[in-house]
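Chemist: pasting the structure only:
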DNA sequence: TTGGCTGCCTTTTTT
DNA sequence: AGGCAGCCAA
């Protein structure tokens, strides 16, 4: 029986700890104090999930399991009570001494493992932990993605399962190469089983933790399954000899290693006393096993997720992980965070009314104390151009009302949908940025150079070697390469070794000199790799391999690619700078391999963001446009017949809606060009699921007036009709011309920036990334004009552009659809058009092409 | 061996 | 519409 003083202290201790988390609501606080045992936090969208995670980890590190506990590290005295009271009143931090008494078995920062899905989420978590706990302590918490956590484990312990600790990571492109090679050797018909579907089936096996042997043992009955099994076996063997792992392997092999090796397992179980998993609804079977193995010691595992936001089933996520959590982890507690701090209640109502149509939910209904807000807007457009124009209109309105560009996001189902919006924004001079789509590190030229680096790091890497041996062309064709591969296989050595001894093989006599000079170059590069700083070395690779010369020989396209390589060198430099002595070539490649586009998304940049709904998960914006709300687009055609897929699609819709804080703009179009064909889609069934009471409907004037006719002269300068004439057929054909050349290929993905000066080519994201700042990513912050200038065809072949060359002169006053009024400060003639620099009253200096900018000249009255 | 061309095919989401 | 593979000609 505790004495009175002890009792008083304990009560006071609880009160004190609670006061440290006073900014949380009671349910959130409960989650923070539940530190021991399995815990499932069902966190609705915008319910302060990350805040809870950060505070919970802080609590574990600071106070351990003190809250609600009766344990004391030593007998307490009246003085301790007075001391604590004083601390509370002064609102100062407790002394070290006090903390020792307050805490019960606090964890060291490195005892905590927090797993997220993206590097960005991990970085954010770390950033917030640093803010709360200080740089040192916060920085020592293990916060990483599943994949990078596994890489770290395997770099230490891969040898336990027969891989070199220095294994290479194969991305999906490498994967495809290996598979194709296997197809060739086994003479498999790629019509019968497309390589991509073989990959996805293999990937599916790995997600379910089935090895090639497991699959073979199940004696697949039909021929296709048998074939897949055969391919899987060959594929796994190939990767093993190359000392390589693909993305799925990282998880798969980690789990296998931990299952097999008690020593390693216990090491990690001891090390990670507390495990937190974010986005648990998106975990696969393999990832579930990983979590269970790691948490096997203490069972202190906390998973956070929202079954309504599970949108990665196609990639192996199994929603059962979250639905069965309480069964698998016996004695688990469940806490529901249902108060939403993000959106207006109208937006939440819309989200709730959509998701309500799903079965098999854990069930939860979000509510908010935020105001009702405006209704959810739905606009019916005539075409995708009209849709884009409407978005631009609204953004313009919002800007004039004081919003920033970066407050806006345009979300869509598939990447292809970004095109019309991009085109329109580019023309209108709205700075935008695309997240996703073709990733910077997926570009051919970047991957080629990275492959050179990879072969230098790992001479056994035949896949990468094949990629670069004749790129640029060196007279080493596929026949020669196949011969080399054959010889290498026969001797059980890497291809590179055969190449080094090319002269000794009669079969290679004809290409011996080409092979010799290739090998010589390789040797030289290897030597340089140890003497030169990393970034200089990368530059040297681009030069010495002849890659630079090859690109220079091409014209515009080569130039853009060369620029990308310049950025590659930049990111090598960034990496080198950030890692100092630790920096290695293989370290760089590893970071590159695990980076995703969303990781380099930087909300500081003042641009509109365009991305898929998938990419937008976890983000929020005051103004969200959800475009393409049509049956056949969203939900897509492919999912209409499967109820399960339909539900996933609906969850995706729910995710999209709940990204919006203030305003949600839904739009559908009567007709849309899709896969090269114009289609007329009915409005999305999701639209009809939204309570009409919270919807505000409008439609394009083009539809009301029967379409064409009005304002045929478009928005060109000096053309009467001005703003109202701005919709209509003109836009249609303009757009087509525009598509012909502008911004279609390399380098222009990021749209263009204001010339305010703050937008430097350092690339977005460098700041938020803990590990590398590969922000250089998707396209430099280029300006539209240079991008467009290259495509003179755009203007010269356009059907007479149907309007006068816009005659602007410095000093002219203009009215721009989006940016409002401004004054022309500079005009540069360019490819039949003019680049106009305008000082706007509200938004500063912007550049835009005269013929395509939605603006009119006016004179002061 | 190379490079250019045609004609095919594919269209979701990504660590 | 666009990318890619495979074919063919040099």
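Modeler: In hand now; what should we look at? Just so it is clear, the structure is predicted and the values come from calculations on it, not from any experiment.
Chemist: list the buried ones in the helix or strand hosting residue A:530?
Modeler: Residue A:530 belongs to helix A:512-531 when assigned by DSSP states H and E. Residues of helix A:512-531 classed as buried by neighbour count (16 or more other C-beta atoms under 10 Å): A:512, A:514, A:515, A:518, A:519, A:521, A:522, A:525, A:529. Where C-beta positions appear, they are placed from N, C-alpha and C, glycine not excepted.
Chemist: now the first one: how far from DNA strand B?
Modeler: Translated: residue A:512. Distance, residue A:512 to DNA strand B, by C-beta to the nearest atom of the strand, to the nearest Å: 11 Å.
Chemist: where's that residue relative to residue A:505, distance?
Modeler: Between residue A:512 and residue A:505 the computed distance is 8 Å (C-beta to C-beta, to the nearest Å).
Chemist: any stretches of the stretch 501-650 of chain A with poor pLDDT?
Modeler: Applying pLDDT under 70 to the stretch 501-650 of chain A flags residues A:555-557, A:596-600, A:602-604.
Chemist: and the helices in it?
Modeler: A:512-531, A:534-544, A:547-553, A:556-579, A:585-593, A:613-616, A:643-657 (DSSP state H, counting those that start in this stretch).
Chemist: look up how far residue A:165 lies from the residue of the stretch 151-300 of chain A found nearest DNA strand B.
Modeler: Closest residue of the stretch 151-300 of chain A to DNA strand B, C-beta to the nearest atom of the strand: residue A:247 (4.3 Å). Using C-beta to C-beta, we find residue A:247 at a distance of 18 Å from residue A:165.
Chemist: and the two? Which one has more around it.
Modeler: For the pair residue A:247 and residue A:165, the greater number of neighbours falls to residue A:247 (20 against 12), based on other C-beta atoms under 10 Å.
Chemist: who's the residue nearest to residue A:593 when sequence neighbours are not counted bridged to?
Modeler: Once flanking residues are discounted, residue A:593 sits nearest to residue A:169: 4.2 Å by C-beta to C-beta, 6 or more residues apart in numbering. In this entry, residue A:169 is beta-bridged to residue A:245, by DSSP bridges.
Chemist: OK, contacts around residue A:169?
Modeler: Counting by C-beta atoms under 8 Å, 6 or more residues apart in numbering, residue A:169 touches A:151, A:244, A:245, A:246, A:247, A:250, A:589, A:590, A:593, A:594.
Chemist: distance check, it against residue A:256.
Modeler: For residue A:169, the distance to residue A:256 - C-beta to C-beta - is 17 Å.
Chemist: just the pLDDT for the closest residue to the residue of the stretch 151-300 of chain A closest to DNA strand B other than its chain neighbours.
Modeler: Sequence neighbours aside, residue A:147 is the residue nearest to residue A:247 in space, at 6.4 Å (criterion: C-beta to C-beta, 6+ apart). For residue A:147, the model assigns a pLDDT of 93.
Chemist: name the element residue A:147 belongs to?
Modeler: Residue-wise, residue A:147 maps onto helix A:146-157 under DSSP H and E.
Chemist: indicate the residue of chain A located nearest to DNA strand C.
Modeler: Taking C-beta to the nearest atom of the strand, chain A has residue A:676 as its residue nearest DNA strand C, at 3.1 Å.
Chemist: residues in contact with that residue?
Modeler: So residue A:676 contacts nothing (C-beta under 8 Å, 6+ apart).
Chemist: then residue A:16?
Modeler: Contacts of residue A:16 by C-beta under 8 Å, 6+ apart are A:84, A:87, A:88, A:102.
Chemist: what's around residue A:129, how many residues?
Modeler: Residue A:129 has 26 nearby residues by other C-beta under 10 Å.
Chemist: ok, so what distance separates it from residue A:51?
Modeler: Residue A:129 is 12 Å from residue A:51, where distance means C-beta to C-beta.
Chemist: same check on residue A:131?
Modeler: 12 Å.
Chemist: looking at these two, which one has more neighbours?
Modeler: residue A:51 (17 against 12).
Chemist: check which helix or strand covers that one.
Modeler: Assigned by DSSP H and E, residue A:51 belongs to helix A:49-62.
Chemist: what's in contact with that helix?
Modeler: Under the contact criterion C-beta under 8 Å, 6+ apart, helix A:49-62 has outside partners A:17, A:20-21, A:24, A:28, A:31-33, A:35, A:41, A:43, A:67, A:99, A:103, A:106-109, A:112, A:114, A:124-125, A:128-129, A:132-133, A:137, A:141, A:274, A:276, A:278, A:302, A:304, A:337.
Chemist: ok, and which of the buried residues of helix A:512-531 reach DNA strand C?
Modeler: Residues of those in contact with DNA strand C (C-beta under 7 Å from any atom of the strand): none.
Chemist: up against DNA strand B, what does the stretch 301-450 of chain A have?
Modeler: Residues of the stretch 301-450 of chain A lying near DNA strand B by C-beta under 7 Å from any atom of the strand: A:311, A:312, A:314, A:315, A:413, A:414, A:415, A:416, A:436.
Chemist: can you pull the residues of the stretch 51-200 of chain A lying near DNA strand B?
Modeler: A:117, A:118, A:145, A:146, A:147, A:172, A:194, A:196.
Chemist: just send those residues back as CSV, with distance to DNA strand C and neighbour count too.
Modeler: Output for these, formatted as CSV (distance: C-beta to the nearest atom of the strand, whole Å; neighbours: other C-beta atoms under 10 Å):
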residue, distance to DNA strand C, neighbour count
A:117, 26, 23
A:118, 25, 20
A:145, 27, 21
A:146, 28, 23
A:147, 24, 21
A:172, 12, 13
A:194, 10, 13
A:196, 10, 13
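Chemist: tell me which of the residues you listed is nearest to residue A:837?
Modeler: residue A:118 (37.5 Å; C-beta to C-beta).
Chemist: confirm for me that that closest one is in contact with residue A:145.
Modeler: Yes - Residue A:118 is within contact range of residue A:145, at 6.4 Å (criterion: C-beta atoms under 8 Å).
Chemist: in stretch A:153-164, what counts as buried?
Modeler: Neighbour counts over stretch A:153-164 (16+ other C-beta under 10 Å) mark A:153, A:154, A:157, A:158, A:160, A:161, A:163 as buried.
Chemist: pull out the buried residues from the helix or strand in which residue A:857 is found.
Modeler: In this structure, residue A:857 sits in strand A:855-858 according to DSSP H and E. Buried positions in strand A:855-858, judged by neighbour count with 16+ other C-beta under 10 Å: A:855, A:856, A:857.
Chemist: beta partners for the first one?
Modeler: To tie it back to what came earlier, the one meant is residue A:855. Applying DSSP bridges, one finds that residue A:855 bridges with residue A:816.
Chemist: ok, it touching residue A:815?
Modeler: Yes - counting by C-beta under 8 Å, residue A:855 touches residue A:815, with 6.0 Å between them.
Chemist: against residue A:240, how distant is the closest residue to residue A:488 other than its chain neighbours?
Modeler: Among residues not flanking residue A:488 along the chain, residue A:495 sits closest, at 4.4 Å (C-beta to C-beta, 6+ apart). To residue A:240, residue A:495 is 16 Å away according to C-beta to C-beta.
Chemist: next one: residue A:835
Modeler: 56 Å.
Chemist: strands of the stretch 301-450 of chain A, start to end?
Modeler: For the stretch 301-450 of chain A, the strands defined by DSSP state E, counting those that start in this stretch occupy A:301-305, A:333-337, A:339-340, A:367-368, A:376-381, A:408-412, A:432-434.
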